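Student: sequence unknown, structure follows:
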């Protein structure tokens, strides 16, 4: 018996002093065998006949008598069966050799002929995922096409974008199909077969290639079985192999669209704030005025208006603006007929957004910037050049131009070149229950600050509904002049409201609240539902414009505000206008 013990002891002396890191079995204070790994001595002198081991799953180490240790030996099948209980996958038992320390790297391929066909396929799949992970996160490869010519970061997921994919991403991220979902993949902005997020209010889609390559083979097919499937940006933040959502993706998207033209411009002239006793009411020229959103927002902000001259050709829109603002808006007709001969100015603020029909890539018949309604931008630019004060004129002058995010890169760069600045992208979803991403160019201070909702903003669709009606989602898709834009979800016939147990469209009074207008704002001239939605679909979003124009309170006379709901109908008193006359004489041209 002693001879056998000595034999075992000599065997384990070899194991402990030559093969560090080998798996052994021993008794860890109980009658059951427990797996452990042989550790190096770490500079300590082990006790005679003892070996330092670390016990699996216990996070403890101890010196154990070598006579109490054994290798797998003849009991390997039984012991390996115990090990399989802790294994994450069903790997095949390979005996003690399967637990040997890793071989040193020698640059040679490891022989895999001993693996079964399924094991070899699994190993190759893991290697492919590892290669993708390394390329995307560490080597600086494009998340969309895999090239290494990185131009900018990917705003939604960790990784980069090359120049070609950046341009495509810019053009298509906010392109939506008739069902309200993104036309292309959220990750690569390509892809034909896509998986749609089932979270109400989310319009994102993910293509088969991105899911199978970045997350893992078979991901697309497995996720199709989940109903509903909640996408990676709607889930709690965590990595999905090589696809890692950015925690600050909403901020990154704004940064991405801030300077995606690749052009740098000299900063616009900065005007210092004007002391309160020298301020005067603002004089505004609004091109493509619509239903008077600019006038309404200025009244909400409490900025006194000296004159508000507007160019608009839609008779219904003119009627809405005239009725709601007691005829205080001077309408001058078509912007193309405005010449320098008409002395309406000088003006302190120029605002406007030319029609986007011929610029939006959603329109397959679009004519671009230089044809159709697209060239109305140049009328805005023409008038802007007339209104800009000369260098020696210290009078503050501000301007704001708006258009769709869904325009191609060439048209956007052309607009940037003429206006000599890059736009800021603002999405109304941060302050309203509807998505409405728009580009804004201008020289108003603080345009690039983050947009933050106020207590008066309605962020949830339920807040905009009439009594007895229930919203089936928090956010709706972009509302346009098309009646189908009111339908939501994967099924184009899904409606966002439940009323008397049935699905229903948003009522016009509810649409008005979604845009930030008071109830019945468009209820003029006996217009029907379609006409009222049409004028709303072309309008600006009140909370967004309020966010952009708020810094003007430091430059123009303001009045004490009553509640915001009544501010739209408040007019400047004669006494307040007369008191500002000296300031007007000092600052006017």
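Tutor: Great, that's in hand. Predicted model, so just to flag it, every value in this text is computed and none were measured.
Student: pretty sure residue 496 contacts residue 474?
Tutor: No. In this structure, residue 496 is not within contact of residue 474 by CB atoms under 8 Å, at 9.7 Å. To be clear about C-beta, it is placed using only N, CA and C from the backbone, and glycine gets the same treatment.
Student: out of these two, which sits in the busier spot?
Tutor: The neighbour comparison of residue 496 against residue 474 (other CB atoms under 10 Å) goes to residue 496, with 27 against 17.
Student: Excluding chain neighbours, what is closest to residue 199?
Tutor: residue 234 (4.4 Å; CB to CB, 6 or more residues apart in numbering).
Student: Kindly report the same for residue 25.
Tutor: Leaving aside its sequence neighbours, residue 25 sits nearest to residue 33 (CB to CB, 6+ apart; 4.6 Å).
Student: now swap in residue 210 and tell me
Tutor: residue 187 (4.3 Å).
Student: Next, that neighbour: secondary structure please.
Tutor: Following DSSP: H, G, I helix; E, B strand; the rest coil, residue 187 is assigned to coil.
Student: Just the pLDDT at it, thanks.
Tutor: On pLDDT, residue 187 comes in at 92.
Student: when you give positions from now on, start the count at 197
Tutor: Okay, using 197 as the starting number, the last item reads as residue 383.
Student: you'd agree it is up against residue 353?
Tutor: Yes. At 6.3 Å, residue 383 counts as touching residue 353 under the criterion of CB under 8 Å.
Student: More neighbours: which of these two?
Tutor: Neighbour tally, residue 383 and residue 353, criterion other CB under 10 Å: the higher count belongs to residue 383, 25 against 22.
Student: Could you report the distance from that one to residue 366?
Tutor: As defined by CB to CB, to the nearest Å, residue 383 lies at a distance of 15 Å from residue 366.
Student: got it, and residue 749?
Tutor: In terms of CB to CB, residue 749 sits 33 Å off from residue 366.
Student: so which helix or strand takes in the residue nearest the centre of the chain?
Tutor: With distances taken as CA atoms, centre = their mean, residue 446 lies nearest the centre of the chain, 4.1 Å away. Using DSSP states H and E, residue 446 sits in helix 445-454.
Student: Mind listing what's buried along that helix?
Tutor: With burial defined by 16 or more other CB atoms under 10 Å, the residues of helix 445-454 counted as buried are 445, 448, 449, 450, 452, 453.
Student: Can you check which residues contact both of residue 383 and residue 353?
Tutor: The overlap between the contact sets of residue 383 and residue 353 (CB atoms under 8 Å, 6 or more residues apart in numbering) consists of 339, 439.
Student: so where do the strands sit in the stretch 297-446 of the chain?
Tutor: Under the criterion DSSP state E, counting those that start in this stretch, strands of the stretch 297-446 of the chain are mapped to 346-349, 356-358, 390-392, 401-403.
Student: Tell me which of the ones you listed sits nearest to residue 371.
Tutor: When the strands of the stretch 297-446 of the chain are compared by CB to CB, strand 401-403 sits nearest residue 371, at 10.9 Å.
Student: which strands and helices sit next to that closest one?
Tutor: Secondary-structure packing of strand 401-403 (3 or more CB pairs under 8 Å, 6 or more residues apart in numbering; DSSP states H and E): strand 390-392.
Student: Let me see the residues that make contact with the strand it packs on.
Tutor: Strand 390-392 has contacts (CB under 8 Å, 6+ apart) with 377-378, 380-381, 400-404, 407, 416, 419-420, 425, 686.
Student: what do you get if the cut-off is 10 Å, keeping everything else the same?
Tutor: Applying CB atoms under 10 Å, 6 or more residues apart in numbering, the contact partners of strand 390-392 are 373, 375-382, 398-404, 406-407, 415-417, 419-420, 422, 424-425, 427, 685-686.
Student: Can you go through those and name the buried ones?
Tutor: Among those, those classed as buried by neighbour count (16+ other CB under 10 Å) are 375-382, 398-404, 406-407, 415-416, 419, 425, 427, 685.
Student: Could you look up the SS state of residue 221?
Tutor: Assigned by three-state DSSP, the conformation of residue 221 is strand.
Student: so who does the residue nearest to residue 395 touch?
Tutor: 393, 394, 395, 396, 397, 398, 400, 441.
Student: correct me, but the fifth one touches residue 670?
Tutor: Yes. Judged on CB atoms under 10 Å, residue 397 makes contact with residue 670 at a distance of 4.7 Å.
Student: Surely residue 378 and residue 372 touch.
Tutor: Yes. Between residue 378 and residue 372 a contact is recorded at 6.1 Å, counting by CB under 10 Å.
Student: Residues in contact with both of these two, list them for me.
Tutor: Residues touching both residue 378 and residue 372 (CB under 10 Å, 6+ apart): 399, 401.
Student: so what are the domain limits for this protein?
Tutor: Listed domain ranges for the chain are 219-281, 334-455, 473-750 (source: the TED database).
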